[in-house]
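**Student:** structure for this input, please:
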Amino acid sequence: MAVLFSLWLLLLLSHFPRLSYADHYNCTWDDAEGESPQNAGYVRFCWAPVYWHDYSHAVYNCDHPVYGHFVKVADWGYLRENTLEFSTPCGGKGFAPDHDCNKYEDWALCNAAADATINPDRFTCRMMHKKDDCQWFESIGPEEVPPAVDIWIKKDLGGKTRRREIQQVGASGRRASRVEVEACSHAMKC
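**Tutor:** Numbering: from 1, shown residues only. This next block holds a predicted model:
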């Protein structure tokens, strides 16, 4: 009986998405300022269609053109009801290959196709660091689940870069911050 219970438990646990070990945030950083990530120096990593498990759970898997294997880049309904969560690219058990993790720091996560030829009113993108994961900044009901997500990586700026956090205070007095990445020139200290 104990063997049967152990097999049942193993089967049950194998159907849950694998856990990632990463810093978890809300997806709020917009490096592209409402435009396509392509305009901000990003290149497409993959396009991931939704795969429904049931009415309250779905996953997004990429078939990467170079690496050729399916990787789960996001899921909906697993972290919390009506929550879209993007997996860590390079944190523990991340979806990206080591080659990309060694080369790229910042990743863009879009709720629809987001290349530069598409009107920015048709998509929303947020960015995260390679070792983070994040949940979408708003709740998404079953009828609003994106049919696919678009994942982008920030191109190498050709040398050393400098990251700086910029604090902003909006008209309502609410604080916000964003991170800028810029290539270092001879006049800068990096």
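
**Student:** for the rest of this, base every contact and every neighbour count on C-alpha atoms.
**Tutor:** Will do.

**Student:** in the protein, where's the longest strand?
**Tutor:** Secondary structure assigned by DSSP state E gives strand 42-54 as the longest strand of the chain.

**Student:** pLDDT on the helix or strand containing Arg126, on average?
**Tutor:** Element membership for Arg126, per DSSP states H and E: strand 125-129. Averaged over strand 125-129, pLDDT sits at 94.

**Student:** which helices and strands does that strand pack with?
**Tutor:** On a contact count with 3 or more C-alpha pairs under 8 Å, 6 or more residues apart in numbering; DSSP states H and E, strand 125-129 meets strand 23-27, strand 106-110.

**Student:** next helix or strand past the longest strand of the chain?
**Tutor:** That would be, after strand 42-54 and using DSSP H and E, strand 57-63.

**Student:** what's the angle between that next one and strand 42-54?
**Tutor:** Angle, strand 57-63 to strand 42-54, by axes from the mean of the first three to the mean of the last three C-alpha atoms, to 10 degrees: 140 degrees.

**Student:** output the following helix or strand past strand 57-63 as CSV, restricted to C-alpha atoms.
**Tutor:** Next helix or strand after strand 57-63 toward the C-terminus (DSSP H and E): strand 70-76. The C-alpha coordinates for strand 70-76 follow below in CSV (Å, rounded to 0.1, in the frame of the first residue of the first chain):
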residue,chain,number,x,y,z
PHE,A,70,10.7,23.2,-25.7
VAL,A,71,11.2,25.5,-22.7
LYS,A,72,8.5,26.8,-20.3
VAL,A,73,8.9,30.6,-20.2
ALA,A,74,5.7,31.5,-18.4
ASP,A,75,2.6,30.1,-16.9
TRP,A,76,-0.9,31.3,-15.9
